[in-house]
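A.B. asks: Give me a 3D structure for the following:
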Amino acid sequence: MKLAHLVDWGAFLFVILVWGGTYSSTRVLVGAFSSLEIQYVRFTLAWLALCLIGRGTFACRNGRDRWLAAGMGLTGVAAYQFLENGAIFYTNASTVAIFVTVGPVITAVMAHLLAGDRTLSARFLLGAALAAVGVGLVMFNGVVHLALDWKGCFMALAAMICWGFYSILLDIANRRGIPPLAAVRRAFFWALVWMLPLALFGLTDRGQVALDGIFRLSLRTPADWARFGSWRVWGHFLFLGLFASAAAFAAWSRACRALGMVRASVGLYLIPVAGVLFAALFLKEPLTPLGCAGAACVLGGVVLATARRKPPRGA
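C.D. replies: Sure thing, here's the model as predicted:
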């Protein structure tokens, strides 16, 4: 196997492991910070880090590049992250996981209809279905608890659609030869721009209570600022900003370029498996035999869905 191919698969596995660990970090922070606060601090740190290591690597060549970066920032960061966090707030992680399982299929259908991608097939759908069943077993881990609040369900489905649009825009950026670090840096800049009105609204009295406090941005009292005084808090913020955002989004861009956008999206089924393993290791949550069986289903489904078709003989 060539070195470049190993690096591509390394980038893919890095993303799965890191994004699997975001669940534990976010759950620690959500007790003291709102979803919007976590999101804004996380991607501000990520953008600053990418500015330091990738300064001057990509300047928008024309209006199309600017709209491309703005669209990626809106769909894959600002809208997707806000909707997913809001969905978990109104329902729970298990319920959102059910909607997340349709994400790769939504991406495949959108890519087929909007970008002419030919990955969608019966084998792909069968593998995705097997992996989806595995995700359900892993997330429930022996305990089935659904909270079907309509606001949370709508946000979860909308988040998956936003990720589908982001995947298509990312594929366009890769085809245009934009370096992954540069594309992600520009996308994060635009994400902060798109989130600025939400942040300003969150500072107002109405924003403090809107959607049960999801928009809340509290910087008025010494106690609000004291929340940032813990090294433990900054450790989680730095993990989310530097690793789960800056590094992982760039690595995901490289993985999608090498493996194909739709096939790489199926690998997202592995994230709940990594998340449960991290929770078992660091949060001492129990790992049941049902959860282990689910992990095996996920692995089998991902292998089935991502296997490339063999060319016909004589082709």
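
A.B. asks: so the closest residue to R118 other than its chain neighbours is in which element?
C.D. replies: Excluding the flanking residues, the one nearest R118 by CB to CB, 6 or more residues apart in numbering is H112, at 7.3 Å. For every residue, glycine as well, the C-beta is placed using N, CA and C. If you go by DSSP states H and E, H112 is part of helix 103-114.

A.B. asks: Return that helix as PDB; C-alpha atoms alone will do.
C.D. replies: Only the C-alpha atoms of helix 103-114 are listed here, as PDB (Å, rounded to 0.1, in the frame of the first residue of the first chain):
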ATOM      1  CA  GLY A 103     -27.400  10.900   7.300                       C
ATOM      2  CA  PRO A 104     -25.200   8.900   5.000                       C
ATOM      3  CA  VAL A 105     -28.200   7.800   3.000                       C
ATOM      4  CA  ILE A 106     -29.500  11.400   2.700                       C
ATOM      5  CA  THR A 107     -26.000  12.400   1.500                       C
ATOM      6  CA  ALA A 108     -25.900   9.600  -1.000                       C
ATOM      7  CA  VAL A 109     -29.300  10.500  -2.400                       C
ATOM      8  CA  MET A 110     -28.500  14.200  -2.600                       C
ATOM      9  CA  ALA A 111     -25.200  13.500  -4.300                       C
ATOM     10  CA  HIS A 112     -26.900  11.300  -6.800                       C
ATOM     11  CA  LEU A 113     -29.600  13.900  -7.600                       C
ATOM     12  CA  LEU A 114     -27.500  17.100  -7.400                       C
END
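
A.B. asks: Packing partners of that helix?
C.D. replies: Contact here means 3 or more CB pairs under 8 Å, 6 or more residues apart in numbering; DSSP states H and E; on that basis helix 103-114 packs against helix 122-140, helix 150-175, helix 261-266.

A.B. asks: hmm, 10 Å instead?
C.D. replies: Counting contacts by 3 or more CB pairs under 10 Å, 6 or more residues apart in numbering; DSSP states H and E, helix 103-114 is packed against helix 122-140, helix 150-175, helix 261-266, helix 289-306.

A.B. asks: tell me the contacts of L83?
C.D. replies: 35, 96, 152, 154-163 (CB atoms under 10 Å, 6 or more residues apart in numbering).

A.B. asks: Let's see that with 6 Å instead.
C.D. replies: Residues in contact with L83 (CB atoms under 6 Å, 6 or more residues apart in numbering) are 155, 158-159.

A.B. asks: Point out where this structure drops to low pLDDT.
C.D. replies: Applying pLDDT under 70 to the chain picks out residues 1, 54-63, 92-98, 139-148, 279, 282-285, 308-315.

A.B. asks: tell me what the helix or strand hosting F43 is packed against?
C.D. replies: Using DSSP H and E, F43 sits in helix 35-53. Other elements packing on helix 35-53 under the criterion 3 or more CB pairs under 6 Å, 6 or more residues apart in numbering; DSSP states H and E are helix 180-203.

A.B. asks: Compute the inter-axis angle for the helix it packs on and helix 150-175.
C.D. replies: 150 degrees (axes from the mean of the first three to the mean of the last three CA atoms, to 10 degrees).

A.B. asks: Please work out which residues outside the very next helix or strand once past helix 180-203 touch it.
C.D. replies: Counting by DSSP H and E, the next helix or strand C-terminal to helix 180-203 is helix 205-209. For helix 205-209, the surrounding residues in contact (CB under 6 Å, 6+ apart) are 201, 215-216.

A.B. asks: and helix 205-209, how far out from the chain's middle?
C.D. replies: Centroid separation for helix 205-209 versus its chain: 27 Å, with CA atoms, centre = their mean, to the nearest Å.

A.B. asks: Give the next helix or strand downstream of that helix.
C.D. replies: Following helix 205-209 in sequence, per DSSP H and E, is helix 222-226.

A.B. asks: for the next helix or strand after that next one, packing partners?
C.D. replies: Using DSSP H and E, the helix or strand that follows helix 222-226 towards the C-terminus is helix 231-238. Packing partners of helix 231-238 (3+ CB pairs under 6 Å, 6+ apart): helix 3-29.

A.B. asks: Give me the angle between the helix it packs on and helix 180-203.
C.D. replies: 10 degrees.

A.B. asks: Show me which positions of the helix holding H112 end up buried.
C.D. replies: Residues 103-111 are the ones in helix 103-114 that count as buried (16 or more other CB atoms under 10 Å).

A.B. asks: Now do the contacts for A295.
C.D. replies: Contacts of A295 by CB under 6 Å, 6+ apart are 138, 273.

A.B. asks: Could you rerun that using 10 Å?
C.D. replies: 134-135, 137-138, 270, 272-274, 276-277, 287.
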